[in-house]
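> predicted model and sequence follow; I will ask about them next.
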Amino acid sequence: MWSADEIARICFECFSELPKRGKPEPGREWTLLAAVVKVSESQSPDQPERNRIEKEVVSLGTGTKCIGKSAMSPHGDVLNDSHAEVIARRGFVRYLTEQLRRAVVGESSSVFRPGDERGKWRLKDGVSFLFFTSHTPCGDASIIPMTDSQSQPCLPVRTEEHTDETNNRPVEKHRGRTLKRQMEREGEEGAACKHLRLAIEEEEGQASLVSETLPEDNPTSPKNEVADPDGRGRRSVEELTRDIHRTGAKCVPGAPTDPHLAGPGYHTVGVLRVKPGRGDPTLSLSCSDKMARWTALGCQGALLSHYLQEAIYFSAVITGKCPYNLPAMQRALTNRCLQVTELPAGFTIRPPLLLQSSLEFAHSHAQTECSHQDGQGRISPCGAAISWCAVPNQPLDVTANGYKHGVTKKALGTEKSRSFICKAELFRCFLDLLAVTADSQLPQSLRRKDLKTYLDYKQAAESYQQAWKQLLIQAFSLWPRSPRHLLLFH
Ligand SMILES: [Zn+2]
């Protein structure tokens with residue numbers, strides 16, 4: 001059994017054990033954190049009737065930045081998107097590649113066992129992966145009704161742990177129902193509300209709220225009160241419904257644009273969005289969109305799917321304490337692909353369990369504002385991104401602007417300047433895996449001799465490409481494709 005708080009706690013602990021390099025300066029810089037947690041369930045030898053559950057962080061990422069179109073590299077040696085969720089997933093791919101290498105060479109892997117087809121592997125019984133994020137993912141999931149003031153940006157969350165008999169997982173009681181009621185009220189009352197002025201951190205894509213006049217400050221404001229579902233006394237309808245949190249991510253070309261009306265009418269919901277960059281637009285989809293894609297295609301990517309009998313799905317997405325709304329998470333991460341059918345064998349729509357923890361990341365924007373002191377300088381997002389994953393060699397990778405942190409300008413573009421989780425390096429790890437795979441154990445899709453470039457190997461993953469095609473046709477027809485010339489390195 002595990003709880004959302006327990007998962008948050010081990011992720012925060014993992015972060016605190018990392019060296020200082022790349023971490024935000026307390027009280028001045030903030031960052032976002034995401035992680036992948038491996039859960040292994042096994043029978044306890046002493047008490048066979050009781051399951052023993054081990055939880056282990058296998059990949060962790062921090063970061064808030066995304067580079068613009070013009071900084072992208074045709075050599076695959078730059079990290080385009082350094083949002084924490086994306087860094088955590090890329091570190092996870094590095095970890096999975098290492099686990100596959102172990103399995104292939106006959107060392108023990110704690111993750112994989114042989115599959116039914118030649119050269120294919122599957123997860124061991126009892127092994128699953130959870131995704132933790134310290135904040136609501138940018139993009140669609142971040143467009144949520146505002147229910148509180150900035151000093152207290154989150155609804156208090158009570159994570160009453162109990163076990164769902166059918167899947168042995170802890171679930172949160174009542175939260176979904178409470179939020180639904182609240183959403184319904186907001187829907188009814190929204191148009192009549194007064195609004196707060198918002199400031200958007202365009203560059204980061206994170207919604208943030210600057211309150212100018214709270215309804216309480218206005219003596220003429222009608223006190224149309226409703227029962228507070230969280231038991232903290234009675235709050236006015238205005239307080240519950242005045243505005244929405246916004247996202248800095250922009251609708252993709254061809255999608256309905258945001259109406260930019262005051263209050264709840266500011267955004268269009270349910271559309272694909274690209275991350276904002278500094279000046280130069282980016283080609284990176286918002287984290288909400290990328291995570292929705294994992295719900296259908298898994299999180300292993302095209303390359304590793306050559307070796308896998310089934311895609312790897314996160315069984316839960318746990319969010320830390322922050323502005324959060326369960327219906328918005330469902331809308332963004334799962335509902336947009338629920339109707340997708342005709343996926344090839346090994347792929348299925350697998351919506352993760354969505355939970356929120358009551359624990360907040362110590363370096364969140366809100367916590368940084370709380371601990372900021374005069375003379376510390378302006379609060380800003382931390383420019384570095386940290387990746388750590390459970391691999392034996394050089395598990396830590398600190399980057400800035402898509403390259404290794406601290407490399408000189410002269411070294412840019414050399415192998416020394418590359419992040420271990422950039423496309424080129426993950427491809428190199430994949431080719432190393434291929435090199436140690438005996439011919440008799442090669443998956444069918446890799447028996448062709450004409451594969452050369454990164455794009456060739458990705459496209460040869462036929463099932464994955466078929467699943468992606470169905471997802472594009474049925475759910476995400478406006479998804480911008482990566483320019484081909486950026487994928488031709490080898
Ligand atoms: Zn993001």
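Received the coordinates, thanks.
> which residue sits closest to residue 144, ignoring its sequence neighbours?
residue 325 (3.7 Å; CB to CB, 6 or more residues apart in numbering). For the C-beta atoms, the positions are set from N, CA and C on the backbone; glycine is no exception.
> report the contact partners of the nearest residue to residue 287 once chain neighbours are set aside.
If you skip the residues right next to it in sequence, residue 287 has residue 137 as its closest partner in space, 3.7 Å away by CB to CB, 6+ apart. Residues touching residue 137, when contacts are defined by CB atoms under 8 Å, 6 or more residues apart in numbering, comprise 85, 286, 287, 288, 291, 332, 333.
> I'd guessed residue 246 sits against residue 145; true?
No. Between residue 246 and residue 145 there is no contact, the gap being 11.5 Å when judged by CB atoms under 8 Å.
> about what we covered before: next one: the residue nearest to residue 287 relative to residue 374, how far apart?
Separation of residue 137 from residue 374 (CB to CB, to the nearest Å) stands at 33 Å.
> up against the ion, what does the stretch 151-300 of the chain have?
residue 287 (CB under 5 Å from the ion).
> what sits against the nearest residue to residue 339 once chain neighbours are set aside?
Nearest-residue entry for residue 339: residue 474, 6.6 Å, with adjacent residues in sequence omitted and distances by CB to CB, 6+ apart. Each residue near residue 474 by CB under 8 Å, 6+ apart is listed here: 337, 339, 340, 341.
> what subset of those residues is buried?
Buried residues within the contacts of residue 474, defined by neighbour count using 16 or more other CB atoms under 10 Å: 337, 340.
> list just the nearest of the contacts of residue 474 to the ion.
Out of the contacts of residue 474, the one with the shortest distance to the ion is residue 337. That distance is 18.4 Å, counting by CB to the ion.
> neighbours of residue 409, how many?
As a burial measure, the neighbour count of residue 409 was computed by other CB atoms under 10 Å and equals 7.
> how about the helices in the stretch 201-350 of the chain?
For the stretch 201-350 of the chain, applying DSSP state H, counting those that start in this stretch gives helices covering 237-241, 287-297, 301-305, 326-329.
> let me know the pLDDT of the residue nearest to residue 144.
In this model, residue 325 is scored at 95, pLDDT.
> these two touch, right, residue 366 and residue 322?
Yes. Using CB under 8 Å, residue 366 makes contact with residue 322 at a distance of 7.4 Å.
> looking at these two, which is more packed in?
For residue 366 versus residue 322, neighbours defined as other CB under 10 Å are more numerous around residue 322 (23 against 19).
> quick one: classify the residue lying closest to the more buried one once chain neighbours are set aside as helix, strand or coil.
The spatial neighbour of residue 322 that comes closest, neighbours along the chain excluded (CB to CB, 6+ apart), is residue 135 at 4.6 Å. When classified by DSSP: H, G, I helix; E, B strand; the rest coil, residue 135 comes out as coil.
> OK, contacts around residue 135?
Under the criterion of CB under 8 Å, 6+ apart, the contact list for residue 135 reads 32, 84, 206, 319, 320, 322, 361, 364.
> okay, residue 165: pLDDT?
Residue-level confidence at residue 165 comes out at 37, pLDDT.
> check which helix or strand covers residue 57.
Using DSSP states H and E, the element containing residue 57 is strand 51-62.
> quick one: that strand near the ion?
No. Among the residues of strand 51-62, none lie within reach of the ion under CB under 5 Å from the ion; the closest is 10.9 Å away.
> any idea how far that strand is from the middle of the chain?
In terms of CA atoms, centre = their mean, to the nearest Å, the centre of strand 51-62 is set 16 Å apart from its chain centre.
> same for the helix or strand following that strand, what does it pack against?
Toward the C-terminus, strand 51-62 is succeeded by strand 64-66 as the next helix or strand (DSSP H and E). The helices and strands touching strand 64-66, judged by 3 or more CB pairs under 8 Å, 6 or more residues apart in numbering; DSSP states H and E, are strand 81-83.
> quick one: strands adjacent to the strand it packs on?
strand 64-66 (antiparallel) (DSSP bridges).
> does the ion have contacts with the partner strand?
No. With CB under 5 Å from the ion as the criterion, the ion is not reached by strand 64-66; the gap is at least 7.8 Å.
> now that strand: mean pLDDT?
Per-residue pLDDT over strand 64-66 has a mean of 94.
> follow-up on the earlier one: need the helices of the stretch 201-350 of the chain in CSV (columns: mean neighbour count).
Below are the helices of the stretch 201-350 of the chain laid out as CSV (neighbours: other CB atoms under 10 Å):
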stretch, mean neighbour count
helix 237-241, 23
helix 287-297, 26
helix 301-305, 23
helix 326-329, 22
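> turn those into JSON lines, columns for distance to residue 26.
Shown next, in JSON lines, are the helices of the stretch 201-350 of the chain (distance: least, CB to CB, whole Å):
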{"stretch": "helix 237-241", "distance to residue 26": "32"}
{"stretch": "helix 287-297", "distance to residue 26": "25"}
{"stretch": "helix 301-305", "distance to residue 26": "35"}
{"stretch": "helix 326-329", "distance to residue 26": "29"}
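> worst mean pLDDT among those?
helix 237-241 (a mean of 50).
> for the closest residue to residue 484 other than its chain neighbours, what are its contacts?
Spatially, and ignoring its direct neighbours in sequence, residue 484 is nearest to residue 455 (6.7 Å; CB to CB, 6+ apart). Each residue near residue 455 by CB under 8 Å, 6+ apart is listed here: 484, 487, 488.
> of the residues you listed, closest to residue 380?
The shortest separation between residue 380 and any of the contacts of residue 455 is 33.2 Å, and it belongs to residue 487 (by CB to CB).
> what about the closest one, how many residues nearby?
Using other CB under 10 Å as the criterion, residue 487 is surrounded by 19 other residues.
> can you check residue 265 too?
Residues contacting residue 265 under the criterion other CB under 10 Å number 13.
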